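Colleague: Test case, fold it:
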Amino acid sequence: MERCGWAGSEQIYKDYHDTEWGVPEYDSRALWEKLILDGFQAGLSWITILKKRDNFRAAFEGFDPDVIAGWGDDEVARLLQNEGIIRHRGKIEATINNARAWQSVEQRIGFDRFMWNYVGGTPIQNAWPSLAEVPPKTALSEQISKDLKKEGFKFCGPTIVYAWMQACGLINDHLVSCPQHPTCRALARQG
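Modeller: Okay, the predicted model is just below:
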């Protein structure tokens, strides 16, 4: 069995594939962090974000949405000077906005429950034989994107949402030839 071809040859990428990608994530804050990082990836490669992830975590106070929700222009200006992250004003401002949106959803229902309800609490188990067959988005990611936008989230289009669903294990999109496919399947909670 061979790991999914997108994991490439860099050890950081292989480790991410083997230990994180597709593993069901049930923690509300961690789900939010991954959504933010997928938003920062828009227009870039994931390896770029992965290599800067520790810098992002430091710059964004461990991705604590309760801290970030209180930020304003001073923090945006500070982050725009931070060479260790992606310095994109729109994405930085969206992160602050999304922290506030997260707080609202978290208080009302729980961000984790809000997201996992889309798949009935159990990851979708796909069985793709090749990367060429894996879609960039689905009707479900389009619906989630629309619903997140209704909740006030930004930088959460259907392609970003689909990548996030894959990363967080709401969908098991490891290829059937990958050793992580059965591993992630076994980690799934049932409902």
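
Colleague: buried stuff in the helix of greatest length in the chain?
Modeller: Ranked by residue count, the top helix of the chain under DSSP state H comes out as helix 89-108. Across helix 89-108, burial judged by 16 or more other CB atoms under 10 Å covers 91-99, 101-103, 105-106. Where you see a C-beta, it was placed from the backbone N, CA and C, and this is true even at glycine.

Colleague: And for stretch 38-56?
Modeller: For stretch 38-56, the neighbour count (16+ other CB under 10 Å) marks 38-42, 46-47, 49-50, 52-53, 56 as buried.

Colleague: Which pLDDT value goes with residue 190?
Modeller: Looking at residue 190, its pLDDT reads 65.

Colleague: can you start the count at 57 instead of 1 from here on
Modeller: Let's use 57 as the start, then, which means that last one is residue 246.

Colleague: what about the strands in the chain?
Modeller: Along the chain, the segments classed as strands by DSSP state E run 180-181, 227-228.

Colleague: any idea of the mean pLDDT for the last one?
Modeller: Read that as strand 227-228. 98.

Colleague: Run me through the strand neighbours of that strand, direction for each.
Modeller: strand 180-181 (parallel) (DSSP bridges).

Colleague: what comes into contact with the partner strand?
Modeller: Contacting residues not belonging to strand 180-181 are listed as 226-228, 241, 244 [CB atoms under 8 Å, 6 or more residues apart in numbering].

Colleague: Let's see if you can find the most crowded of the residues you listed.
Modeller: residue 226 (27 neighbours; other CB atoms under 10 Å).

Colleague: hang on, that one packs against residue 177?
Modeller: No - using CB atoms under 8 Å, residue 226 is not in contact with residue 177; the gap is 9.8 Å.

Colleague: low-confidence ranges in this structure?
Modeller: Where the chain drops to pLDDT under 70, the residues are 246-247.

Colleague: rerun at 80
Modeller: Along the chain, segments meeting pLDDT under 80 span 57, 245-247.

Colleague: sorry, back to before: what's the longest helix of the chain packed up against?
Modeller: Under the contact criterion of 3 or more CB pairs under 8 Å, 6 or more residues apart in numbering; DSSP states H and E, helix 145-164 touches helix 84-97, helix 121-124, helix 129-136, helix 167-172.

Colleague: wait, residue 200 sits on residue 217?
Modeller: Yes - shown here, residue 200 and residue 217 form a contact pair, counting by CB under 8 Å, at 4.9 Å.

Colleague: which ones are touching residue 166?
Modeller: residue 84.

Colleague: Could you list the buried residues of stretch 83-90?
Modeller: Applying 16+ other CB under 10 Å to stretch 83-90 flags 84-85, 87-90 as buried.

Colleague: ok, the nearest residue in space to residue 107 that is not next to it in sequence to residue 150 distance?
Modeller: Spatially, and ignoring its direct neighbours in sequence, residue 107 is nearest to residue 68 (6.5 Å; CB to CB, 6 or more residues apart in numbering). Separation of residue 68 from residue 150 (CB to CB, to the nearest Å): 26 Å.
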